[in-house]
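1. After the sequence you'll find the predicted model.
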2 protein chains.
Amino acid sequence: MKPKLEDVAKLANVSKTTVSRVLNNRGYLSQKTIDKVNEAMEILNYQPNSAARQLFQQKTEIIGLLFPTVANPFFGELIQDLERKLYKEGYKVIIGNSMNDSEKEEYYLNQLLSNQVDGLIVGTHNRGIQQYQKDNLPIVAIDRFMNTDIPIIESNNYYGGQIATERLIEKGAKKIVHTTGPSELETPTHRRMQAYTDTMKKNNLDPLIYHLDFNISYEEKNDIFYRIFNENPDLDGIFASNDIDAIMLMQIAVSLNKRIPEDIKVVGYDGTELIRYLYPNLTTVVQPVKKIADKALSVLIQRLKEEKTEQEYILDVYLWEGTSS
Amino acid sequence: MKPKLEDVAKLANVSKTTVSRVLNNRGYLSQKTIDKVNEAMEILNYQPNSAARQLFQQKTEIIGLLFPTVANPFFGELIQDLERKLYKEGYKVIIGNSMNDSEKEEYYLNQLLSNQVDGLIVGTHNRGIQQYQKDNLPIVAIDRFMNTDIPIIESNNYYGGQIATERLIEKGAKKIVHTTGPSELETPTHRRMQAYTDTMKKNNLDPLIYHLDFNISYEEKNDIFYRIFNENPDLDGIFASNDIDAIMLMQIAVSLNKRIPEDIKVVGYDGTELIRYLYPNLTTVVQPVKKIADKALSVLIQRLKEEKTEQEYILDVYLWEGTSS
């Protein structure tokens, strides 16, 4: 006879509710309890089927969003769009803000899980967090490599880095600096950096990369950007890994009496609606924020229905041709 | 003899936990249960003291933030700063995004409450929501009038509207348009509008106000802004109720071959760090984001300790003198 949930509960010496919580990964449970229940399931060869899981699964209709920041317009617009779309589908959203800090990310992840979300959309920079591995909640990652069970939605970062660098070279820039995030964190910006490096080398130009820490103040950032100009008096091109940095660098260039694009050509990255309305002159690689949100939503819904999904979804980027390069 | 919590539970025919949840306003409870417990407390003249409440109060160390949007840099920076400061104090944060929609606000409020937050910081536009009234959770409002029990942190909106308008008049503008939010929602921007109107009249100038809905797309906003220029060919001054709108209006002016500040003088509002680095030329009224976050935090902590707080805290604003006016 097939073992039942009651049998698992009895053997593990816990309540049926506890077994169901382990199955559905809900609420705070000690590792000891989780191990005990898993061990009992193994001994009895208990196979929870999807219907049984659904039965015990208390739907909260809440989706957790975990992102590194809300202060960058790219994440601001993405979160806003996800919220709007999820709400239309009957889901409410709670947002955690990890500030690119792995300790915080883990805190917020546990918090979102203990708040019994039905699913998660994560776009945080940190990886390798154990929690993600043992988790069987529906999760979709945006632009972040997690583990092989979690589908990733990303825009084509390598191609983005390539068209940005090619544009600068076509326009005649030779001494081109690339600003990006910290080297120790593996993020999608690494692929942009790789494309920059490859494209520079292919054109017999020397790559020159400045790594900036996350979570530094605008003031500190400004100081580093001034340093870039001081250290490279012959600088004539900039590929910044986001539009905020690109515009800050342009402001500094102007304050140093450099003309854009005559003296210095600039390409940014992200191309949010906000920046395209505020700074239409900035040439930038546009990430398709709305398409990313749409895809994340549809894949999450597939996961919620326990349907099979692809491992990776890559969306196109394109160049917004301003006058800055 | 003084009645005890047990006596209330017995009379109301509920568990002690339920009484404690009513006292501490935690978790989902039906109105019927709440009424039954309140009635029992009244009959017995039960007086929960602070210590008793603390005893039953399960600390979650989570603070809920409820704001209209994360996509505007003002709220982006405010949320980021609150998160950082609360985290240092040992609190984690979950964020609800009401999108200026009172139905959503109510959903998110209930959700944050049922997630058992220790306190709330709210900066949403909608008011009069019943939930706030019966709630005895520590709440601090930023820039939003709630009810008399909830302390408000705000910057001096009237003064901000006054110095913005005075600046434009001093610089020679006569036909000055003010753009603001919808007229039916009572928000702090109303005081800026009132100050604009008063200052215009004092200078024998006619106020001219355009109300924009929240949650319209950038495209729709752009269309309305073009209309402002079409309808007012002699326009020579703009006081926008936020910096995003100010910069969008400047971009349109430039595309219409108007010079700034020679033909059209512009003053914005908010003066976030982001905008001051991206658009240092914009003259704008600076709201002290960091001071607002500091004050909200210290008042919330006072409320968590059940200490007495003021009803209202008004913080100074100042003019960032760019070249746009």
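-> Alright, I've got the coordinates. In this text, all values refer to a predicted model and were calculated from it rather than measured experimentally.

2. okay, CA-based contacts and neighbour counts for the rest of this
-> OK.

3. Flag every residue of the stretch 201-325 of chain A that's near chain B.
-> A:Y218, A:I244, A:I247, A:M248, A:Q251, A:E273, A:L274, A:Y277, A:L278 (CA under 8 Å from any CA of the partner chain).

4. please redo it, this time with the cut-off set to 7 Å
-> A:I247, A:M248, A:Y277, A:L278 (CA under 7 Å from any CA of the partner chain).

5. Farthest-apart pair in those residues, please.
-> A:M248 and A:Y277 (16.4 Å; CA to CA).

6. Could you point out which of the residues of the stretch 201-325 of chain A next to chain B is nearest to A:Y226?
-> Using CA to CA, these come closest to A:Y226 at A:M248, 10.0 Å.

7. Touching, A:F74 and A:D270? I think so.
-> Yes - between A:F74 and A:D270 there is a contact at 6.5 Å, judged by CA atoms under 7 Å.

8. about what we covered before: more neighbours, A:M248 and A:Y277?
-> Neighbours were counted for A:M248 and for A:Y277 using other CA atoms under 10 Å in any protein chain shown; A:M248 has more, 23 against 20.

9. By mean pLDDT, flag the weakest helix or strand of chain A.
-> helix A:50-56 (a mean of 44; mean pLDDT, DSSP states H and E).

10. mind listing what the helix or strand following that one pairs with, with the direction of each?
-> Per DSSP states H and E, the first helix or strand lying C-terminal to helix A:50-56 is strand A:62-67. According to DSSP bridges, strand A:62-67 forms sheet pairs with strand A:92-97 (parallel), strand A:119-122 (parallel).

11. who touches the first one?
-> It stands for strand A:92-97. A:61-69, A:83, A:86, A:108, B:93-96 (CA atoms under 7 Å, 6 or more residues apart in numbering or on different chains).

12. try it again with 6 Å
-> A:I62, A:I63, A:G64, A:L65, A:L66, A:F67, A:P68, A:T69, A:Y108, B:I94, B:I95, B:G96 (CA atoms under 6 Å, 6 or more residues apart in numbering or on different chains).

13. mean pLDDT lowest for which of the strands paired with strand A:62-67?
-> Lowest mean pLDDT within the strands paired with strand A:62-67: strand A:92-97, at a mean of 84.

14. So what's the gap between it and the chain middle?
-> 14 Å (CA atoms, centre = their mean, to the nearest Å).

15. Tell me, how many residues neighbour A:F225?
-> Around A:F225 there are 21 residues (other CA under 10 Å).

16. A:L208 is in contact with A:V177, isn't it?
-> Yes - here A:L208 lies in contact with A:V177, judged by CA atoms under 6 Å, at a distance of 5.1 Å.

17. So between these two, which is more surrounded?
-> A:V177 (23 against 14).

18. where does the stretch 51-200 of chain A dip in pLDDT?
-> Scanning the stretch 51-200 of chain A with the threshold set as pLDDT under 70 gives A:51-59, A:113-116, A:125-136, A:145-148, A:185-186.

19. repeat that for 50
-> Residues of the stretch 51-200 of chain A meeting the criterion pLDDT under 50: A:51-56.

20. those helices in it, which residues are they?
-> Under the criterion DSSP state H, counting those that start in this stretch, the stretch 51-200 of chain A contains helices at A:73-88, A:102-114, A:130-134, A:157-170, A:189-202.

21. how about these in CSV, adding distance to A:K16 and mean neighbour count?
-> Rendered in CSV, the data for the helices of the stretch 51-200 of chain A read as follows (distance: least, CA to CA, whole Å; neighbours: other CA atoms under 10 Å in any protein chain shown):
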stretch, distance to A:K16, mean neighbour count
helix A:73-88, 32, 20
helix A:102-114, 18, 19
helix A:130-134, 21, 12
helix A:157-170, 47, 22
helix A:189-202, 46, 20
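
22. and the ones you listed as CSV, adding distance to B:R144?
-> Listed next are the helices of the stretch 51-200 of chain A as CSV, based on distance: least, CA to CA, whole Å:
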stretch, distance to B:R144
helix A:73-88, 21
helix A:102-114, 28
helix A:130-134, 38
helix A:157-170, 42
helix A:189-202, 39
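
23. Assign a three-state SS to A:K291, would you?
-> Under DSSP: H, G, I helix; E, B strand; the rest coil, A:K291 falls in the helix class.

24. Run a quick neighbour tally on the residue nearest to A:L44 when sequence neighbours are not counted.
-> Nearest residue to A:L44 in three dimensions, chain neighbours excluded: A:P3, at 6.5 Å (CA to CA, 6 or more residues apart in numbering or on different chains). Neighbour count of A:P3, defined by other CA under 10 Å: 13.

25. Please tell me how far A:P3 sits from chain B.
-> 35 Å (CA to the nearest CA, to the nearest Å).

26. got it, and A:K171?
-> For A:K171 relative to chain B (CA to the nearest CA), the value is 24 Å.

27. For that residue, give me its contacts.
-> A:K171 neighbours (CA under 6 Å, 6+ apart): none.

28. Let me see the backbone angles for it.
-> Here is the backbone geometry of A:K171 (degrees, to the nearest 10): phi -80, psi 0.

29. beta partners of the closest residue to A:D245 other than its chain neighbours?
-> In space, and not counting its chain neighbours, A:D245 is closest to A:G268: 7.6 Å by CA to CA, 6+ apart. On the basis of DSSP bridges, A:G268 is bridged to A:T284.

30. Can you read off the pLDDT for A:G268?
-> 98.

31. In this structure it contacts A:I247, no?
-> No - if you go by CA under 6 Å, A:G268 and A:I247 don't touch, sitting 7.9 Å apart.

32. so who does the residue nearest in space to the middle of chain A touch?
-> Nearest to the geometric centre of chain A sits A:G123, at 2.7 Å (CA atoms, centre = their mean). Neighbour list for A:G123: A:F67, A:A141, A:I142 [criterion: CA under 6 Å, 6+ apart].

33. what's the closest of the residues you listed to chain B?
-> Using CA to the nearest CA, A:F67 is the member of these that lies nearest chain B, at 11.5 Å.

34. mind pulling up the phi and psi values for the residue nearest to the centre of chain A?
-> Backbone phi and psi, for A:G123 under degrees, to the nearest 10, turn out to be phi -140, psi 30.

35. do you know how far it is from B:D243?
-> Distance of A:G123 to B:D243, computed by CA to CA, to the nearest Å: 28 Å.

36. Shouldn't A:R227 be within a strand?
-> No - A:R227: not assigned to a strand; according to three-state DSSP it is helix.

37. Can you report how many residues lie near it?
-> The number of residues near A:R227, taken as other CA under 10 Å, comes to 11.

38. try A:P151
-> Neighbour tally, A:P151, other CA under 10 Å: 24.

39. Could you tell me how far the closest residue to it other than its chain neighbours is located from A:A141?
-> The shortest distance from A:P151 to any non-neighbouring residue, by CA to CA, 6+ apart, is to A:Q311 (4.6 Å). Using CA to CA, A:Q311 is found at 10 Å from A:A141.

40. neighbour-wise, which of these two wins?
-> Between A:Q311 and A:A141, A:A141 has the larger neighbour count (other CA under 10 Å), namely 23 against 12.
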